[in-house]
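K.L.:
any chance you can model this:
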Amino acid sequence: MTRYSQYIKRINIFSDFLILNLCYIGMYYYKLEAYHPPFTFMLFYINFAWLFATSIIKPYDISRTSTFYIVLRSFLMLMAMHVLLVCAYYVFEQSQRYSREFLALFYLSIFVCMFVYRLLFHYAIKLARKRGMNYRNIVIITQKDNPIQVQDILDSRPEYGYRIRKIINDNTQFDTDYHEELKQYCLTNNIHEIFYSISLIKHDTLADLMVFAEENLIRVRLIADFKWVTVRDLELEKIGTVPILKVHTTPLDNWDAQLIKRIFDIVFSSLVIVFLLSWLLPIIAIIIKLDSKGPAFFKQRRTGRDNQWFWCFKLRTMHLNDESDTLQATANDKRITRVGKFLRKSSLDELPQFFNVLIGDMSVVGPRPHMLKHTEDFSAELDNFMARHKIKPGITGLAQSKGYRGETSAFEMKKNRVKLDLFYINNWTFIFDLKIIFNTIISIIRQDSEPGKLMD
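P.N.:
Residues are numbered from 1 along each chain as shown. Next comes the predicted model:
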């Protein structure tokens, strides 16, 4: 069954072009036959546009370990580029014989058909590999005491389709005779790939292995088994022809993830401002003015992304004082007004920060921003505290959704907040953001005062 691996990419390419053409032909005779717009040229153009888009996006270069999220992301990027190319033709085509309704139905049919096909094909291949089909024979050469054991991962994920034929654990450099035995083993046992630990390789050894692999159509994969960093924190870059390992990357380092998060921030904050803050903020502002002297709103310097400060907007909850920028409020702080107690307890004092989100200083979800003095103090007190500032601060965060809100005097609470913030940064997904927003609302409604109550 290993011989069928080469056909998977071809099947996907053929299926996409088949769906593309069938959808066009079907929509043409369903919506446009009476108008007789050019059939052949448009058919040629949509195929050319698809071919051009695939050469840029490369949606068919999917590895065995790719998740459906990766497959879906490349598909959406491919669809977006194709829509732009076809719409560009639609704009410059003077007769406008292809209606917007036709284009909408055409792309809706393509999206549904290709999405369903990808979903079924992805899980069908995974199931086939679990049952012993479409596999690749591999040899793993690594250090015995290495905490990153590739074989354990591959054994637990049979859907990857790797069959481990031999595991070599040795903390010594292999001599020439041993390598000759390894080569002979690969040839007699139909080995497709060799996983080789970087920490075991010398330059001459690697060069010899690469020559052997190329001559015998065997792939070599190098295991980045660094004990001081996890594999998920590494990203391969190239500077010219030199490969560079970038250490400690996060999901939000990717431009597409940043774009998704920013679009959500703009849409969500705009909806909140228009439908909630437009009438609620004036009411709260009047109540604050009636309760105590001073402005209803105030701004304060807070630490943002990349340790750059910004003006953070809030509703005033304290009597006017000279320590608001340095001294954190406590549970029974005498500076807090009567209305301020309610605003703080309900988190309504944070509502103006949706304007910070809209202008781009903050995000709806992210680590909470601190006063500049607190950033200075906490960075000296807590390990990895400054790593929180890799992304924009948020109105709420993972820590807040789990009950860590308000005063941060206890060391363990500060430590746990940082731990949760870093977990969020390293594991961000759009669904994760939605879950945090939902849990934050539940936490506020329940008035959870015990950190960690929503850990599940």
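K.L.:
now stretch 275-285, how far from the centre of its chain.
P.N.:
For stretch 275-285, the separation from the chain centroid amounts to 34 Å (computed by CA atoms, centre = their mean, to the nearest Å).
K.L.:
likewise stretch 65-72?
P.N.:
Between the centre of stretch 65-72 and the centre of its host chain there is 12 Å, according to CA atoms, centre = their mean.
K.L.:
could you do stretch 285-295 as well?
P.N.:
Using CA atoms, centre = their mean, the mean C-alpha position of stretch 285-295 is found 43 Å from that of the whole chain.
K.L.:
okay, buried residues for that stretch please.
P.N.:
Buried residues in stretch 285-295, counted by 16 or more other CB atoms under 10 Å: Ala285, Ile288, Asp291, Ser292. For glycine as for every other residue, the C-beta is placed from the backbone atoms N, C-alpha and C.
K.L.:
and which of the residues you listed is nearest Lys130?
P.N.:
Lys130 has its nearest neighbour among those in Ala285, at 60.8 Å by CB to CB.
K.L.:
if I've got this straight, that closest one is in a helix?
P.N.:
Yes. Using DSSP: H, G, I helix; E, B strand; the rest coil, the assignment for Ala285 is a helix.
K.L.:
I'd say it and Phe298 touch.
P.N.:
No. Under the contact definition of CB atoms under 8 Å, Ala285 does not touch Phe298, with a separation of 11.6 Å.
K.L.:
mind checking how far stretch 357-372 is from the chain centre?
P.N.:
On CA atoms, centre = their mean, the centre of stretch 357-372 falls 19 Å from the chain's centre.
K.L.:
end to end, how far does it reach?
P.N.:
Using CA to CA, to the nearest Å, the gap from the first to the last residue of stretch 357-372 comes to 19 Å.
K.L.:
buried residues, it. List them.
P.N.:
Neighbour-count burial for stretch 357-372, counted by 16+ other CB under 10 Å, picks out 357-358, 361-372.
K.L.:
again, but for stretch 239-253
P.N.:
Within stretch 239-253, the residues that qualify as buried by neighbour count (16+ other CB under 10 Å) are Thr250, Pro251, Leu252.
K.L.:
please apply the same query to stretch 186-201.
P.N.:
Residues of stretch 186-201 classed as buried by neighbour count (16+ other CB under 10 Å): Cys186, Ile191, His192, Glu193, Ile194, Phe195, Tyr196, Ser197, Leu200, Ile201.
K.L.:
how about the strands in the stretch 1-150 of the chain?
P.N.:
For the stretch 1-150 of the chain, the strands defined by DSSP state E, counting those that start in this stretch cover 136-142.
K.L.:
in terms of contact, does Asn216 touch Thr188 like I think?
P.N.:
No. Counting by CB under 8 Å, Asn216 sits too far from Thr188 to count as a contact (11.5 Å).
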